[in-house]
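Asks: sequence-free structure coming up:
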């Protein structure tokens, strides 16, 4: 069986690949959000709701055009333009024309959601500068609708909408000063930058760097490339190095950090029951990370003699190793070492500081497993 090789002997080219894959994995979501720009067209039937417009004009046509910049998955902002043409009920009279320019925001279900066929309900509102005939007035609108994706890339969206427009009429002597209220019902058409579909486990993502294409395999499909994934066969977030999120420990680049202390009988190397839930998660983390070789380090405070503290720290580290081995972790992946009080993390002048210095740490050394070893 080929010997296990320390990670420090990897070629520099391998480190470069790790950096490229990590950078691409970390920046891909940011880049996709930064480029989330879409354009929306809303043709529909315009209906005047209140007098005097409802008595003068009949059903007409309306059109809205919007440019939307995504601030995040839920919220877009951007400018908008509107046009309406309402035929006059009298053949010899002029038709009603409405122009509007302004901007607003849209709240919607993120376009990358997979459930309910990807349908994205939305709600938007605009503040508008409105011109009708020779009058310039302030107005606002609000709309609700639902968009359905067309195609796997989700570049095109279509769906029904209802838009309410109110034009504010300032008081003028000799004129009807009621606000104009109109409704538009239609179908919206949206084209955007698209949404990256979810990748299947085992699919390979390629990243172009200086005209060289680097392949970043991702066996478990968690978007963390295998070259930096500490758990390449288990799903996990990037900030946990691709490993599952544990409750009582944190998987770091150089160690397993315990969120809770390990407890021993007073001045003995005997683990007490309160330590078992934490150690059980350490066991699971080591099973999830077959490339870890762990040095279990025992530390004491400065109370007592140096020889006693050294022996106690060594025996406590050995007790932890024995627990891990008894729960299925291979002995050749574990090393125990006692440091007495030589590596304090806090002051030994206070009771709290001494308590912090009495601890067990799990320092991680990486191993490259040969294909035959990993079977």
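Replies: Sure, I can see it. Note that the coordinates shown come from a computational prediction; the quantities given were computed from them, not determined experimentally.

Asks: I'd say residue 166 and residue 138 touch.
Replies: No - counting by Cβ atoms under 8 Å, residue 166 does not reach residue 138; the two are 9.7 Å apart. For the C-beta atoms, the positions are set from N, CA and C on the backbone; glycine is no exception.

Asks: between these two, which is the more surrounded one?
Replies: residue 166 (18 against 14; other Cβ atoms under 10 Å).

Asks: pull the contacting residues for residue 88.
Replies: 56-58, 94-96 (Cβ atoms under 8 Å, 6 or more residues apart in numbering).

Asks: residue ranges in the protein under the pLDDT threshold?
Replies: 1-35, 91-93, 174, 194-215, 253, 357, 359-375 (pLDDT under 70).

Asks: buried subset of the contacts of residue 88, written for PyMOL?
Replies: To isolate the buried ones among the contacts of residue 88 in PyMOL, judged by 16 or more other Cβ atoms under 10 Å, type:
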select buried, resi 57+96
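
Asks: the contacts of residue 88: which two are farthest apart?
Replies: Using Cβ to Cβ, these reach their maximum pairwise distance at 58 and 94, which is 13.3 Å.

Asks: could you pull out the helices for the chain?
Replies: For the chain, helices defined by DSSP state H occupy the ranges 12-34, 53-56, 276-288, 306-326, 351-357.

Asks: tell me where the stretch 101-250 of the chain has strands.
Replies: With DSSP state E, counting those that start in this stretch, the ranges of strands along the stretch 101-250 of the chain come out as 120-132, 135-150, 156-167, 180-192, 204-209, 212-217, 249-251.

Asks: in the second one, what counts as buried?
Replies: Applying a neighbour-count criterion of 16+ other Cβ under 10 Å, one finds 137, 139-141, 143, 145-147, 149 buried in strand 135-150.

Asks: residue 176: which of these is nearest?
Replies: residue 137 (13.3 Å).

Asks: what residues are up against that closest one?
Replies: Residue 137 makes contact with 130-131, 167-170, according to Cβ under 8 Å, 6+ apart.

Asks: beta partners of it?
Replies: residue 130 (DSSP bridges).

Asks: can you give me the neighbour number for residue 341?
Replies: Neighbour count for residue 341, taken as other Cβ under 10 Å: 19.

Asks: oh sorry, the question was meant for residue 170
Replies: 10.

Asks: could you export the strands of the stretch 101-250 of the chain as CSV, including distance to residue 81?
Replies: Formatted as CSV, these follow (distance: least, Cβ to Cβ, whole Å):
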stretch, distance to residue 81
strand 120-132, 9
strand 135-150, 12
strand 156-167, 13
strand 180-192, 14
strand 204-209, 38
strand 212-217, 43
strand 249-251, 52
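
Asks: just the contacts of residue 88 now: which is nearest residue 78?
Replies: Ranked by distance to residue 78 (Cβ to Cβ), those are led by residue 96 at 27.1 Å.

Asks: so what's the closest one closest to, chain neighbours aside?
Replies: Nearest residue to residue 96, sequence neighbours excluded (Cβ to Cβ, 6 or more residues apart in numbering): residue 86, at 3.9 Å.

Asks: tally of neighbours for the one you found?
Replies: Count around residue 86 with other Cβ under 10 Å applied: 23.

Asks: does it touch residue 52 like I think?
Replies: No - at 12.0 Å, residue 86 and residue 52 do not qualify as touching, with contact defined as Cβ under 8 Å.

Asks: only the buried subset of the contacts of residue 137, as a ChimeraX command please.
Replies: In ChimeraX syntax, the buried subset of the contacts of residue 137 is picked out as below (16+ other Cβ under 10 Å):
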select :130,131,167,169
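
Asks: among the contacts of residue 137, which pair sits farthest apart?
Replies: 131 and 170 (14.1 Å).

Asks: can you list the neighbours in contact with stretch 313-327?
Replies: By Cβ under 8 Å, 6+ apart, stretch 313-327 touches 262, 264, 269-271, 276, 279-280, 282-283, 286, 296-300, 331, 334-340, 360.

Asks: what is the burial count for residue 164?
Replies: 15.

Asks: report the beta-bridge partners for it.
Replies: Listed by DSSP bridges, the beta-bridge partners for residue 164 are residue 142, residue 183.

Asks: wait, what's in contact with it?
Replies: 141-143, 181-183.

Asks: biggest separation within these, which pair?
Replies: 143 and 181 (14.1 Å).

Asks: what bridges to residue 77?
Replies: Here residue 77 sits in beta bridges with residue 69, residue 105, as judged by DSSP bridges.

Asks: do the same with residue 251
Replies: Bridge pairing for residue 251 - DSSP bridges - gives residue 256.

Asks: burial measure for it, as a count.
Replies: Neighbour tally, residue 251, other Cβ under 10 Å: 23.

Asks: next: residue 233.
Replies: Residue 233: 12 neighbours (other Cβ under 10 Å).

Asks: right, and it touches residue 221 too?
Replies: No - with contact defined as Cβ under 8 Å, residue 233 does not reach residue 221; the gap is 10.5 Å.

Asks: re the thing from before, return the member of the buried residues of strand 135-150 nearest to residue 123.
Replies: residue 143 (7.3 Å).

Asks: show me the contacts for the closest one.
Replies: 42, 123-125, 161-164.

Asks: let's have the residues you listed in TSV, adding distance to residue 62.
Replies: Below are those laid out as TSV (distance: Cβ to Cβ, whole Å):
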residue	distance to residue 62
42	8
123	18
124	15
125	17
161	11
162	11
163	8
164	11
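
Asks: just the buried members of these?
Replies: Buried among the contacts of residue 143 (16+ other Cβ under 10 Å): 42, 124, 161, 163.
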